[in-house]
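Chemist: Attaching a predicted model along with its sequence, questions to come.
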Amino acid sequence: MKTNGAANIGVVGLAVMGSNLARNLASREGNSVAVYNRTYARTESLVTEHPEAGFIAGKSIDEFVASLAKPRTAIIMVQAGAGTDAVIDQLAERFEPGDIIVDGGNANFQDTIAREQRIAPTGIHFVGVGISGGEEGALKGPSIMPGGSEESYRTLGPILASIAAVVAGEPCVTHVGTNGAGHFVKMIHNGIEYADMQLIGEAYDLLRTVGGLPPHAVADIFARWNEGPLESYLVEITADILRHVDQATGLPFVDVVLDQAGSKGTGVWTVQNALDLGVPVGGIAEAVFARAVSGKAEQRAAVRRLVTSRPEVQKVSPEFAEDVSAALYASKIVAYAQGFDAITAGAEKYGWNIHKDQIAKIWRGGCIIRARFLDRITQAYTENPDITTLLEAPYFAQAVADGEAAWRRVVATAALSGVPVPGFSSALSYYDSLAAERLPAALVQGQRDFFGAHTYRRTDRDGAFHTLWGGDRSEVTA
Ligand SMILES: NC(=O)C1=CN([C@@H]2O[C@H](COP(=O)(O)OP(=O)(O)OC[C@H]3O[C@@H](n4cnc5c(N)ncnc54)[C@H](OP(=O)(O)O)[C@@H]3O)[C@@H](O)[C@H]2O)C=CC1
Ligand SMILES: O=C(CO)[C@H](O)[C@H](O)COP(=O)(O)O
């Protein structure tokens with residue numbers, strides 16, 4: 001076959017992400033791209049629609065592997081889970097020591113660690129790479145979070161840098177850490193994405209329900225916010241979506257979409273792992289739960305039937321939109337702080353040397369959570385990588401303090417008006433928990449000691465203590 005060994009890189013899985021990533025790779029100087037998809041029809045239409053890419057199309061996995069130059073590098077972009085395992089096995093059977101298998105899908109990082117261990121004895125490199133940016137990002141430049149060995153990054157790094165988004169002259173890619181580090185950080189990215197989307201949803205709901213504004217007016221407010229500190233891809237697309245009118249009915253698009261949010265699982269993984277790591281990520285968890293609640297159609301209908309009157313919507317001042325903007329910004333800071341805390345804990349547990357300033361930097365472009373304030377996060381972790389929370393960095397401490405009064409007004413108004421704001425209110429409670437002089441955790445410890453002799457520590461001296469609750473209530477050293 002005349003194409004044997006001609007391609008310096010290959011892509012397996014040519015759905016939305018894989019086909020666009022393949023086109024992105026093909027558009028870069030010096031690349032020759034081999035493509036393969038289980039169902040050949042996808043390969044055929046990609047190659048036919050994009051002759052300019054000069055793809056080398058494999059009809060079979062053998063043809064695909066034969067078309068790769070040695071050492072071979074192939075990026076897998078297929079459905080996470082069994083599909084990915086099937087393709088890894090097919091490639092591993094045909095690849096040789098020194099070749100690189102890259103999983104660019106949304107894999108669970110624990111699977112990535114296990115896969116790397118499974119492949120390692122063959123001498124083939126296995127690299128898990130988080131890729132964010134959706135359809136457009138894959139084509140024009142995503143944010144890329146590679147894990148895997150230093151050695152494989154020496155080969156892969158320049159290729160990934162050539163296709164990544166560029167911000168201030170720097171490609172949005174960094175070697176996150178070994179084995180599953182890239183997929184771990186991508187998982188946290190998605191958890192933050194969930195929180196950000198939920199908070200934006202709550203802001204919209206408040207402006208609409210309490211502020212009494214129609215979608216196009218809310219769109220104008222989001223567009224204005226997008227020119228300030230809230231500037232971000234998600235705020236930008238929100239304005240766009242809210243302006244969109246359904247062609248079939250002439251109604252605002254947002255009013256004809258069923259109010260049940262789906263998910264593919266990465267938000268759930270973030271929360272599950274944060275629980276294992278003991279990191280409070282309430283903002284992300286509330287966002288995951290909010291999607292789950294939205295899908296509970298029967299429960300929602302049952303409660304709606306029972307509730308005969310809803311609270312009267314509070315009257316608000318003309319500055320209400322500014323208050324909502326402040327609440328959104330403060331809650332968003334909390335969500336990102338929680339996400340970065342999870343990265344700190346994950347790095348510690350799994351032995352990854354993750355530079356949080358670099359993560360914030362590569363999230364500034366290409367990915368779904370790209371936002372102006374990631375510059376501030378980059379700065380905070382560059383100035384002091386050891387801050388205990390983003391909330392103690394001077395800029396963020398000030399930003400939250402500036403918005404605090406408005407944040408409280410918004411949460412109170414929402415509660416009195418019967419508008420659900422699990423994101424805003426959990427973020428505020430988290431902030432209040434960190435800021436409180438004393439927490440009721442002292443009472444919880446007392447309860448634990450009472451029923452389970454779980455002991456407690458005292459404020460006035462070291463050691464563990466137990467009160468003889470069933471006896472004379474004297475205190476003993478545990
Ligand atoms: N969509 C998005 O915005 C983003 C997606 N991702 C991740 O990127 C990856 C690709 O996403 P997307 O492009 O949306 O595609 P999908 O997740 O919808 O997966 C479809 C692709 O997987 C292939 N596939 C499924 N099962 C198998 C199998 N057993 N053997 C071989 N191939 C199989 C399909 O082949 P066939 O055509 O034969 O069915 C098709 O190419 C996923 O891991 C996703 O989570 C990451 C960032 C953003
Ligand atoms: O990874 C992504 C972007 O970064 C995908 O868009 C992801 O699939 C979105 O998650 P979900 O479908 O659960 O909302």
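Modeler: Perfect, I can see it now. Ligands and ions are numbered 1, 2, ... in the order given.

Chemist: and the closest residue to E151 other than its chain neighbours, what are its phi and psi?
Modeler: Among residues not flanking E151 along the chain, H125 sits closest, at 7.0 Å (CB to CB, 6 or more residues apart in numbering). All C-beta spots, glycine's among them, are computed from the backbone N, C-alpha and C. Note on H125: its backbone torsions stand at phi -80, psi 140 [degrees, to the nearest 10].

Chemist: The longest helix that the chain contains close to ligand 2?
Modeler: Longest helix in the chain, counting residues (DSSP state H): helix 320-350. No: Helix 320-350 stays clear of ligand 2 (CB under 6 Å from any ligand atom), getting no nearer than 13.0 Å.

Chemist: check contacts around the residue nearest to E151.
Modeler: By CB atoms under 8 Å, 6 or more residues apart in numbering, the contact list for H125 reads G98, D99, I100, I101, I119, G148, S149, E151, S152.

Chemist: Out of those, which are close to ligand 2?
Modeler: Near ligand 2, by the rule CB under 6 Å from any ligand atom, you find none of those.

Chemist: show me where this structure has strands.
Modeler: 9-12, 33-36, 56-57, 73-76, 100-103, 125-132, 143-146, 166-167, 170-171, 465-467, 475-477 (DSSP state E).

Chemist: Could you export those strands as JSON lines, including distance to A301 and mean pLDDT?
Modeler: As requested, the strands of the chain are exported to JSON lines (distance: least, CB to CB, whole Å; pLDDT from 0 to 100):
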{"stretch": "strand 9-12", "distance to A301": "44", "mean pLDDT": "98"}
{"stretch": "strand 33-36", "distance to A301": "47", "mean pLDDT": "98"}
{"stretch": "strand 56-57", "distance to A301": "50", "mean pLDDT": "97"}
{"stretch": "strand 73-76", "distance to A301": "42", "mean pLDDT": "97"}
{"stretch": "strand 100-103", "distance to A301": "41", "mean pLDDT": "98"}
{"stretch": "strand 125-132", "distance to A301": "36", "mean pLDDT": "97"}
{"stretch": "strand 143-146", "distance to A301": "40", "mean pLDDT": "98"}
{"stretch": "strand 166-167", "distance to A301": "46", "mean pLDDT": "97"}
{"stretch": "strand 170-171", "distance to A301": "49", "mean pLDDT": "96"}
{"stretch": "strand 465-467", "distance to A301": "49", "mean pLDDT": "98"}
{"stretch": "strand 475-477", "distance to A301": "53", "mean pLDDT": "98"}
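
Chemist: okay if I get those strands as TSV plus distance to ligand 1?
Modeler: Formatted as TSV, these follow (distance: least, CB to the nearest ligand atom, whole Å):
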stretch	distance to ligand 1
strand 9-12	7
strand 33-36	9
strand 56-57	14
strand 73-76	8
strand 100-103	8
strand 125-132	6
strand 143-146	10
strand 166-167	19
strand 170-171	18
strand 465-467	50
strand 475-477	54
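
Chemist: okay if I get those as CSV plus distance to V279?
Modeler: Converted to CSV, the strands of the chain look like this (distance: least, CB to CB, whole Å):
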stretch, distance to V279
strand 9-12, 35
strand 33-36, 39
strand 56-57, 45
strand 73-76, 30
strand 100-103, 25
strand 125-132, 19
strand 143-146, 19
strand 166-167, 28
strand 170-171, 29
strand 465-467, 28
strand 475-477, 32
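
Chemist: wait, doesn't K70 sit right on P97?
Modeler: No: at 10.6 Å, K70 does not count as touching P97 under the criterion of CB atoms under 8 Å.

Chemist: Near ligand 2, which residues of the stretch 301-450 of the chain are found?
Modeler: Counting by CB under 6 Å from any ligand atom, the stretch 301-450 of the chain sits next to ligand 2 at I368.

Chemist: residue in the stretch 301-450 of the chain nearest to ligand 1?
Modeler: I368 (7.8 Å; CB to the nearest ligand atom).

Chemist: do you know how far that residue is from H355?
Modeler: Distance of I368 to H355, computed by CB to CB, to the nearest Å: 21 Å.

Chemist: Between those two, tell me which one has more neighbours.
Modeler: I368 (22 against 17; other CB atoms under 10 Å).

Chemist: What about the residue nearest to that one when sequence neighbours are not counted, how many residues nearby?
Modeler: Leaving aside its sequence neighbours, I368 sits nearest to E193 (CB to CB, 6+ apart; 5.1 Å). Look at E193: counted by other CB under 10 Å, it has 22 neighbours.

Chemist: quick one: contacts for the closest residue to H244 other than its chain neighbours?
Modeler: Excluding the flanking residues, the one nearest H244 by CB to CB, 6+ apart is F253, at 4.0 Å. Neighbour list for F253: I241, H244, V245, D246 [criterion: CB under 8 Å, 6+ apart].

Chemist: what separates the third one from A239, distance-wise?
Modeler: Okay, so that is V245. V245 is 14 Å from A239, by CB to CB.

Chemist: Among these two, which residue is more densely surrounded?
Modeler: For the pair V245 and A239, the greater number of neighbours falls to A239 (19 against 15), based on other CB under 10 Å.

Chemist: these two touch, right, that one and A219?
Modeler: Yes: A239 lies in contact with A219 (CB under 8 Å); the separation is 4.6 Å.

Chemist: State the pLDDT value of M1.
Modeler: As predicted, M1 sits at a pLDDT of 39.

Chemist: Could you double-check that G418 lies in contact with R310?
Modeler: Yes: using CB under 8 Å, G418 makes contact with R310 at a distance of 5.0 Å.

Chemist: Same drill for these two, tell me which one is more crowded.
Modeler: Each of G418 and R310 has its neighbours counted (other CB under 10 Å); G418 has more, 15 against 10.

Chemist: What is the burial count for the closest residue to R448 other than its chain neighbours?
Modeler: Closest residue in space to R448, ignoring its immediate chain neighbours: H454 at 3.9 Å, by CB to CB, 6+ apart. The number of residues packed near H454 is 14, by other CB under 10 Å.

Chemist: for the one 3 residues further on, same thing?
Modeler: Number of residues near R457 (other CB under 10 Å) recorded here: 12.

Chemist: right, and it touches D449 too?
Modeler: No: R457 is beyond contact range of D449, at 10.5 Å (criterion: CB under 8 Å).

Chemist: how near is the residue nearest to the spatial centre of the chain to ligand 1?
Modeler: The residue lying closest to the centre of the chain (CA atoms, centre = their mean) is N190, at 1.5 Å. Using CB to the nearest ligand atom, to the nearest Å, N190 is found at 8 Å from ligand 1.

Chemist: Quick check: closest non-adjacent residue to that residue.
Modeler: Per CB to CB, 6+ apart, closest to N190 is T266, 3.7 Å.

Chemist: Next, the contact list for that neighbour, please.
Modeler: N106, K186, M187, N190, G191.

Chemist: Could you check how far the residue lying closest to L199 once chain neighbours are set aside is from V288?
Modeler: Distances taken as CB to CB, 6+ apart place G423 nearest to L199, at 4.5 Å, with adjacent residues excluded. With the distance defined as CB to CB, G423 ends up 11 Å from V288.

Chemist: Those two: which is more packed in?
Modeler: Using other CB under 10 Å as the criterion, G423 and V288 rank with G423 on top: 30 against 24.

Chemist: Surely that one touches A287?
Modeler: Yes: between G423 and A287 a contact is recorded at 6.1 Å, counting by CB under 8 Å.

Chemist: Now do the shared contacts for these two.
Modeler: With CB under 8 Å, 6+ apart, G423 and A287 have common neighbours A195, Q198, L199, A335.

Chemist: Noted, bye for now.
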